[in-house]
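> Fold the following, please.
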Amino acid sequence: MRVALIHYWLVTWRGGEQVLRAIADLFPGADLFTHVADPELVREKFPGHALRTTFINRLPAARRWYQRYIGLMPLALEQLDLRGYELVISSEAGPAKGVITDPDAVHLCYCHSPMRYAWDMYHSYLEGTSWLTRAAMVPTIHYLRLWDQASAARVDRFAANSAFVARRIRRIYRRDAEVIHPPVRAGDFGFSTAPGEFFLSVGQLAPYKRIDLLVEAFNRSGERLVVIGEGALLEPLRRIAKPNVQLLGRQPFAVIREHYIRCRALVFPAIEDFGLVPLEAMASGRPVIAYARGGALETVVDGRTGILFAEQSIEGLSAALLRFSAIEHSFDPELIRAHARQFSPQRFAEQFGDFTRRALAER
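Purely as a prediction, here's the structure:
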């Protein structure tokens, strides 16, 4: 059976790409399609998979400015020739599911999120942009929403990475989705029962991640915070951070792994669709302090593997830090690590494999 895997872009290594690799492991002979790709990344992470890109990859500075070509991506997807592929699996968070398949092909979509910049985070993305950017973005996103909803009809079955995303798929696409949580490779992370030294944040420094709340809260508390990640907010946050807050920028996996082991807790103030970072910290035996919305509600058990706080504000986070300090001694690293191991690659393979077999049987 010929299998095609469609992903929005392959220029960074984040949660969506890790899930794509888990799917690719199930289909060793599958061909990989994407808008823009870093060939070195593909060779390292997807050996043995033939790569094809859309015409977006040939546009000027595509690997750097690919998001500026978002309005062309629906057209680019529809130019992909998928004749002869019996199974098509799209990995959706940017334009990926809108491919045109053979009439008898089965098209499955693993949805990390309906496009955030087109739907729930549209106004957040508009904030702070220039008038010229807004003038281009508003009509482009309007068209993209129409296409996004229409292209949902091209999918035979949806899977969602969380119940949170499944609800959004139902609201936006009017389709049901089966929840299959992403895998975390717990064995890749270290483990220590020694007392932690600092609080930790790991992830992209984008506005919706609310790292600004962390910096302000720790500026007030005086507790030590280490932030790992890159993005547009890195330099502005460095300018306001006090000496107890250290922003390291982008770091290799070995450094991130070491910081997971040494931290007191991971602090996670964003609304995430799922969020692999909390599970990576828990795989290292460390508790998580998370905002009680989104995917964190499906991974963090309040009082056992971390703390959930209800108000996404400096005050809400500060109160959570005080609560954590009062019960920090009660967290069991072994129990936390065992919880993370429930989200194993083996479980993901079984669930996604069963999801695929059922869809093919109904063809």
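
> List the buried residues of the helix or strand harbouring Gly353.
Using DSSP states H and E, Gly353 falls within helix 345-361. By 16 or more other CB atoms under 10 Å, the buried positions in helix 345-361 come out as Pro345, Phe348, Gln351, Phe352, Phe355, Thr356, Ala359. Placement of C-beta: from N, CA and C, glycine included.

> Serialize those to JSON lines and add fields for distance to Trp65.
Output for these, formatted as JSON lines (distance: CB to CB, whole Å):
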{"residue": "Pro345", "distance to Trp65": "34"}
{"residue": "Phe348", "distance to Trp65": "33"}
{"residue": "Gln351", "distance to Trp65": "36"}
{"residue": "Phe352", "distance to Trp65": "33"}
{"residue": "Phe355", "distance to Trp65": "35"}
{"residue": "Thr356", "distance to Trp65": "35"}
{"residue": "Ala359", "distance to Trp65": "36"}
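
> State the mean pLDDT of the helix holding Gly353.
What helix 345-361 shows for mean pLDDT is 97.

> Check which helices and strands it is in contact with.
Under the contact definition 3 or more CB pairs under 8 Å, 6 or more residues apart in numbering; DSSP states H and E, helix 345-361 sits against helix 15-26, strand 87-92, strand 106-111, strand 157-160.

> which outside residues touch the first one?
It stands for helix 15-26. Contact with helix 15-26 is made by 5, 7-8, 10, 30, 32, 45-46, 49, 89, 91, 93, 110, 112, 161, 182-183, 274-277, 345, 348-349, 352-353, 356, as judged by CB atoms under 8 Å, 6 or more residues apart in numbering.

> quick one, domains of the protein?
Listed domain ranges for the chain are 3-183+344-361, 186-341 (source: automatic domain parsing).

> Tell me the gap between the first one and the middle of its chain.
Right, domain 3-183+344-361. Distance, stretch centre to chain centre, for domain 3-183+344-361: 12 Å (CA atoms, centre = their mean, to the nearest Å).

> do stretch 331-339 as well
Remark: stretch 331-339 is offset 23 Å from the chain centroid, using CA atoms, centre = their mean.

> tell me which residues in it are buried?
By neighbour count with 16+ other CB under 10 Å, stretch 331-339 contains the buried residues Phe331, Pro333, Ile336, Arg337, His339.

> do the same with stretch 285-299
By neighbour count on 16+ other CB under 10 Å, the buried set for stretch 285-299 is 285-292, 294-299.

> Repeat that for stretch 306-326.
Buried residues in stretch 306-326 (16+ other CB under 10 Å): 306-309, 313-314, 316-321, 324.

> any chance of these in CSV, with distance to Gly84, pLDDT and secondary structure too?
Converted to CSV, those look like this (distance: CB to CB, whole Å; pLDDT from 0 to 100; DSSP: H, G, I helix; E, B strand; the rest coil):
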residue, distance to Gly84, pLDDT, secondary structure
Gly306, 48, 97, strand
Ile307, 52, 97, strand
Leu308, 48, 98, strand
Phe309, 52, 97, strand
Ser313, 54, 95, coil
Ile314, 56, 95, helix
Gly316, 54, 95, helix
Leu317, 53, 95, helix
Ser318, 58, 95, helix
Ala319, 58, 96, helix
Ala320, 54, 96, helix
Leu321, 56, 96, helix
Phe324, 55, 97, helix
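
> With distance to Ile211 added, can I get those in JSON lines?
Converted to JSON lines, the buried residues of stretch 306-326 look like this (distance: CB to CB, whole Å):
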{"residue": "Gly306", "distance to Ile211": "18"}
{"residue": "Ile307", "distance to Ile211": "18"}
{"residue": "Leu308", "distance to Ile211": "18"}
{"residue": "Phe309", "distance to Ile211": "16"}
{"residue": "Ser313", "distance to Ile211": "14"}
{"residue": "Ile314", "distance to Ile211": "12"}
{"residue": "Gly316", "distance to Ile211": "15"}
{"residue": "Leu317", "distance to Ile211": "11"}
{"residue": "Ser318", "distance to Ile211": "15"}
{"residue": "Ala319", "distance to Ile211": "18"}
{"residue": "Ala320", "distance to Ile211": "15"}
{"residue": "Leu321", "distance to Ile211": "15"}
{"residue": "Phe324", "distance to Ile211": "18"}
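
> ok, so of those residues, who is nearest Ser151?
Using CB to CB, Leu308 comes nearest to Ser151 of the buried residues of stretch 306-326, at 35.2 Å.

> circling back: quick one, which of the helices and strands packed on helix 345-361 is nearest to Arg64?
Comparing the helices and strands packed on helix 345-361 against Arg64 with CB to CB, the closest turns out to be helix 15-26 (17.4 Å).

> got the buried residues for that closest one?
Those would be Gly15, Gly16, Glu17, Gln18, Val19, Leu20, Arg21, Ala22, Ile23, Ala24, for helix 15-26 by 16+ other CB under 10 Å.

> Dump that helix to CSV, keeping only the CA atoms.
C-alpha atoms of helix 15-26 as CSV (Å, rounded to 0.1, in the frame of the first residue of the first chain):
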residue,chain,number,x,y,z
GLY,A,15,5.9,18.7,19.1
GLY,A,16,4.2,18.4,15.8
GLU,A,17,7.3,17.1,14.1
GLN,A,18,7.9,14.6,16.9
VAL,A,19,4.4,13.2,16.4
LEU,A,20,5.0,13.1,12.6
ARG,A,21,8.1,10.9,13.2
ALA,A,22,6.0,8.6,15.4
ILE,A,23,3.5,8.2,12.5
ALA,A,24,6.3,7.8,10.0
ASP,A,25,7.7,5.0,12.1
LEU,A,26,4.5,3.1,11.6
